[in-house]
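Visitor: below are the sequence and a predicted model; questions follow.
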Amino acid sequence: MLPSVLLAINPDYPEPRKIAKAVAALEAGEIIAYPTDTVYGLGCDLQNKAAVEKLYQLKRMPKNQPLALICVDLSDIARYVIVDNTSYRLLKRLLPGPYTFILPATREVPKTISPKRTQVGIRVPDHAVPRAIAAALGRPLISTTAAEHGSDPLQWPEDIAAAFPHAQLVIDGGPGGVVPTTVIDLTSQPPIVVREGAGSVDSLLDE
């Protein structure tokens, strides 16, 4: 087993050839790690069932643990979730940002990550690297925290490479954060804060 490859990248202006390497790995069914606006993420190609299975195994994560999708922008989101006017106004105000929003899933969401296709978590991080990867891939990037299930997020790319040698590529954008996203369930009214994290919950009350 070859160790993960560390690939240093400009976190603000990611080099296209390095984004292309990440996309090639995803298209080959590999797992990659990447920086976000909160913690480092582990991800794979949304449409590769074997890669999704591998991601669950790598994290030692139960299959009922949901995975989120990283989208490029709000227009990208509408393909994968159903967004009413109230939810859209909230998304427009808070994204890009350190939030994961749970919304009703469309049929574009594979059963591998949402078996009943009822709902799915959506992210638009305020970070150029994962959004550039999703844009170049042409579909959302699967996202889960770069840590073993139940463990604290790993902050340093070198530690991620050591902990997840089966991940082919670790994109090094410098040290990551240690506080994950705030998770908000928009399938309920009023919205439910499932997990309070990096995103301010007070902003939900802003007009």
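Guide: Sure, I can see it. Numbering: from 1, shown residues only.
Visitor: Pro66 against Gly121, yeah?
Guide: Yes - if you go by CB atoms under 8 Å, Pro66 and Gly121 touch, sitting 5.8 Å apart. The way it works is simple: take the backbone N, C-alpha and C, and place the C-beta from them, glycine included.
Visitor: neighbour-wise, which of those two wins?
Guide: Gly121 (25 against 15; other CB atoms under 10 Å).
Visitor: hang on, that one in a helix?
Guide: No - assigned with DSSP: H, G, I helix; E, B strand; the rest coil, Gly121 falls outside any helix and is strand.
Visitor: would you confirm that it contacts Ala105?
Guide: No - counting by CB under 8 Å, Gly121 does not reach Ala105; the two are 9.7 Å apart.
Visitor: who's in contact with the helix or strand where Ala22 lies?
Guide: Using DSSP states H and E, Ala22 sits in helix 16-27. With contact meaning CB atoms under 8 Å, 6 or more residues apart in numbering, helix 16-27 is reached by 7, 9, 32, 34, 43-45, 48, 51, 129, 132-133, 136-137, 141, 168-169, 171.
Visitor: let's see 7 Å
Guide: Leu7, Ile9, Ile32, Cys44, Asp45, Ala132, Ile133, Ala136, Leu137, Gln168, Leu169, Ile171 (CB atoms under 7 Å, 6 or more residues apart in numbering).
Visitor: now those residues as CSV including neighbour count and secondary structure?
Guide: CSV is the format used below for the contacts of helix 16-27 (neighbours: other CB atoms under 10 Å; DSSP: H, G, I helix; E, B strand; the rest coil):
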residue, neighbour count, secondary structure
Leu7, 19, strand
Ile9, 22, coil
Ile32, 28, strand
Cys44, 27, coil
Asp45, 23, strand
Ala132, 21, helix
Ile133, 25, helix
Ala136, 16, helix
Leu137, 21, helix
Gln168, 21, coil
Leu169, 21, strand
Ile171, 27, strand
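Visitor: looking at these, which one is closest to Ile77?
Guide: Closest approach between these and Ile77, by CB to CB: Leu137, at 15.4 Å.
Visitor: grab the nearest non-local neighbour of the closest one.
Guide: Spatial nearest neighbour of Leu137, excluding adjacent residues (CB to CB, 6 or more residues apart in numbering): Val23 at 5.1 Å.
Visitor: against Pro175, how distant is Phe101?
Guide: 26 Å (CB to CB, to the nearest Å).
Visitor: oh, I was asking about Ser143
Guide: Separation of Ser143 from Pro175 (CB to CB): 19 Å.
Visitor: neighbour count winner among these two?
Guide: Ranked by neighbour count (other CB under 10 Å), Ser143 and Pro175 place Ser143 first, with 26 against 12.
Visitor: tell me if the more buried one really is in a helix.
Guide: No - assignment of Ser143 by three-state DSSP gives strand, placing it outside any helix.
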